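In: Here's a sequence, model it:
(one chain, ligands or ions: 1)
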Amino acid sequence: MPTARLFYALWPDPPMAQTLSTWAALAQPHSHGRPMRTETLHMTLAFLGQVEREIADELIDATAYHRLQPGSVTLDRYGVFDRPRILWAGPAQTPDGLQASHDGLWLWLSAFGFAPPAQPFRPHVTLLRNIERHDPPASAPPPLTWRYDRMVLVASESTDGGSRYRVVARSRPQP
Ligand code: 2AM
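Out: Residues are numbered from 1 along each chain as shown. As a prediction, this is how the structure comes out:
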């Protein structure tokens, strides 16, 4: 494979993913759209796009040595993006620690030739794709606090059944 489509993300543990899946199911009658499969739910920290195989291999090796500062983010609202048309779960305010981890990750990635995106970081977990309404449901389920201590590097592969995500590397948690 000459290139790989890669991104860094926080990946929920199975109970958290299950709860997020409930969030999707609760919003679906309002927003319609297609729920993400439970095992694919995640929060992207850095989207890299198509990456040359050689750089991808370097990232896979280096990711184990990148230490993410442990932190937490409380998901307490639904939101929508118009392009692509998605409904998401996210925090009303981005926690400072998560913002710092995002910024630190992009600084680290600059050594591999990546430039940070122009748009500000909008932490979110995509729940529904191809939604049919511009407004999110008025109220969200009880807030969900997500504690994290590592990130994963994920390869997104196109299959007949849609995107398939494969975790190709994990950062090392703090000792
Ligand atoms: P989304 O959930 O908001 O669609 C794999 O596609 C992951 O990378 C998804 O979380 C997706 O975000 C994100 N992603 C895809 N294209 C992107 C882009 N151009 N900029 C930022 N994130 C992107």
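In: Quick one: residues contacting residue 129.
Out: Residues counted as contacts of residue 129 (CB atoms under 8 Å, 6 or more residues apart in numbering) are 33, 34, 36, 84, 85, 86. Where C-beta positions appear, they are placed from N, C-alpha and C, glycine not excepted.
In: Just list whatever residues bridge to it.
Out: Here residue 129 sits in beta bridges with residue 34, residue 86, going by DSSP bridges.
In: Now for the contacts of residue 129, which sits with the most neighbours around it?
Out: residue 36 (23 neighbours; other CB atoms under 10 Å).
In: pLDDT score for it?
Out: pLDDT, residue 36: 96.
In: Please apply the same query to residue 10.
Out: You'll see residue 10 listed with a pLDDT of 98.
In: Same question for residue 1.
Out: Residue 1 is assigned a predicted lDDT (pLDDT) of 53.
In: Next, the contact list for residue 131, please.
Out: Applying CB under 8 Å, 6+ apart, we find residue 131 in contact with 31, 32, 33, 80, 85, 86, 87.
In: Could I get the contacting residues of the third one?
Out: When contacts are counted by CB under 8 Å, 6+ apart, residue 33 touches 85, 86, 87, 128, 129, 130, 131, 132.
In: Grab the two from the contacts of residue 129 that are most spread out in space.
Out: 36 and 85 (13.4 Å; CB to CB).
In: Tally up the residues packed near residue 61, please.
Out: Residue 61 sits with 10 neighbouring residues when counted by other CB under 10 Å.
In: mind checking which helix or strand it is in?
Out: Residue 61 belongs to helix 53-63 when elements are defined using DSSP states H and E.
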